[in-house]
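Asks: below are the sequence and a predicted model; questions follow.
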Amino acid sequence: TACSSRYVLSQMHPMWQGPLAVPGGDRQSPIDIVVRKSVFDSQLKHLIADYDPTTCQQIWNNGYSFLVEYDDTTDKSTLKGGPLQDKFRLCQFHFHWGESNAWGSEHTVDRRLFPAELHLVHWNSDKYSLFEEAVMEDNGLAVIGVFLKVGKRHDGLQKLVDALPAIRHKGSVVEFTKFDAGCLLPNNTEDYWTYHGSLTTPPLTESVTWIVMKQAIEVSHDQLAVFRSLLFTSAEEEVQKSMVNNFRVQQPLRGRTVRSSFS
Ligand SMILES: NS(=O)(=O)c1ccc(C(=O)N2CCN(Cc3ccccc3)C2)cc1
Ligand SMILES: [Zn+2]
């Protein structure tokens, strides 16, 4: 699908750090969410995530995370409501994680780090016809962030974990179908924070309405360990590097307000 494409790892920085500051970038992501400074907005609606599992197509290792990609040529898997005025199409989801359970998330809540963070990536199909167009526009993308914490095994995640050994190396792709991305959302989807930010990887475009769920999902220690068995490197490279710490550091808030859907 259009929403994912290979891009060259720059030698200066590992991919996920990207340039430390984007020239003129005053709405960069991720950020630290300071709970007591977030502003309750009663106008924020319920999130309506309507995902069709039959649009799930493949899972692949793109050299900085692993992506589960959806067919985004129709409005079959959509996100509406919440802070959004338009309808957004799910195109992919991926994760960021650490080498230990002590860190790994991109966003933090009052500086609290989580071992991993899920990103469900959507683009505005009311206004644009392709991900590539939307990714360059102010209101082009909506990304749901869900924190992962270590606890009981996540049965829905296991199907995905079982597919990872087949995509250990950068560039490997396997068919992955009938996966309901909705099973990765927390039970409570009413409580979230939202703010205007950017992609957390190059091109770091400031086109994202971020929706960060307050409730984390629980996954087991062993499930997270399988994430860390992935490799940044392709099968041909002589030195294999574990895919860990693929997160960007928190960026300055630059006067932005983080709104909350709950008081
Ligand atoms: N971590 S995050 O949620 O912020 C996130 C990161 C990457 C992507 C993503 O699919 N791409 C980033 C750009 N890339 C390549 C590209 C495509 C078109 C135009 C220009 C560049 C694809 C989406 C969300
Ligand atoms: Zn991400």
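Replies: Done, it's in. Ligands and ions are numbered 1, 2, ... in the order given.
Asks: and Leu67, its phi and psi?
Replies: phi -120, psi 140 (degrees, to the nearest 10).
Asks: can I assume it is in contact with Leu90?
Replies: No: Leu67 is beyond contact range of Leu90, at 12.0 Å (criterion: CB atoms under 8 Å). Every residue, glycine included, has its C-beta placed from N, CA and C.
Asks: ok, the two, which is more surrounded?
Replies: Leu90 (30 against 24; other CB atoms under 10 Å).
Asks: would you mind measuring from that one to ligand 1?
Replies: 12 Å (CB to the nearest ligand atom, to the nearest Å).
Asks: before we move on, what about Tyr64?
Replies: 9 Å.
Asks: do Gly82 as well
Replies: 16 Å.
Asks: kindly report the same for Thr55.
Replies: 16 Å.
Asks: then Leu157?
Replies: With CB to the nearest ligand atom as the criterion, Leu157 and ligand 1 are 18 Å apart.
Asks: use 449 as the first number for this chain going forward.
Replies: All set: I'll call the first residue 449, so the last point we hit is now Leu605.
Asks: what is the burial count for that residue?
Replies: For Leu605, using other CB under 10 Å, the count is 22.
Asks: where does it land in three-state SS?
Replies: helix (DSSP: H, G, I helix; E, B strand; the rest coil).
Asks: got a pLDDT number for the closest residue to Asp489 other than its chain neighbours?
Replies: Closest residue to Asp489 apart from its sequence neighbours, by CB to CB, 6 or more residues apart in numbering: Arg707 at 4.3 Å. As predicted, Arg707 sits at a pLDDT of 98.
Asks: please apply the same query to Arg560.
Replies: 98.
Asks: contacting residues around it?
Replies: Residues in contact with Arg560 (CB atoms under 8 Å, 6 or more residues apart in numbering): none are found.
Asks: hmm, back to that, the residue nearest to Asp489 against Ser490, yeah?
Replies: No: counting by CB under 8 Å, Arg707 sits too far from Ser490 to count as a contact (10.2 Å).
Asks: and those two? which has more neighbours close in?
Replies: Arg707 (16 against 6).
Asks: okay, and the beta partners of the more buried one?
Replies: Val487, Thr642 (DSSP bridges).
Asks: over to Glu666?
Replies: Here Glu666, judged by DSSP bridges, has bridge partners Lys597.
Asks: burial check on it, number of neighbours?
Replies: Glu666: 15 neighbours (other CB under 10 Å).
Asks: now do the one 4 residues further on
Replies: Here the number of neighbours of Asp670 (other CB under 10 Å) works out to 11.
Asks: against ligand 1, how distant is the residue lying closest to it once chain neighbours are set aside?
Replies: Distances taken as CB to CB, 6+ apart place Arg601 nearest to Asp670, at 7.6 Å, with adjacent residues excluded. The gap separating Arg601 from ligand 1 is 25 Å, by CB to the nearest ligand atom.
Asks: where's the residue in the stretch 449-598 of the chain that ligand 1 sits nearest to, which helix or strand?
Replies: Nearest to ligand 1 in the stretch 449-598 of the chain, going by CB to the nearest ligand atom, is His567, at a distance of 3.7 Å. Assigned by DSSP states H and E, His567 belongs to strand 564-572.
Asks: which residues of the stretch 599-711 of the chain fall in helices?
Replies: Applying DSSP state H, counting those that start in this stretch to the stretch 599-711 of the chain gives helices spanning 603-611, 669-675.
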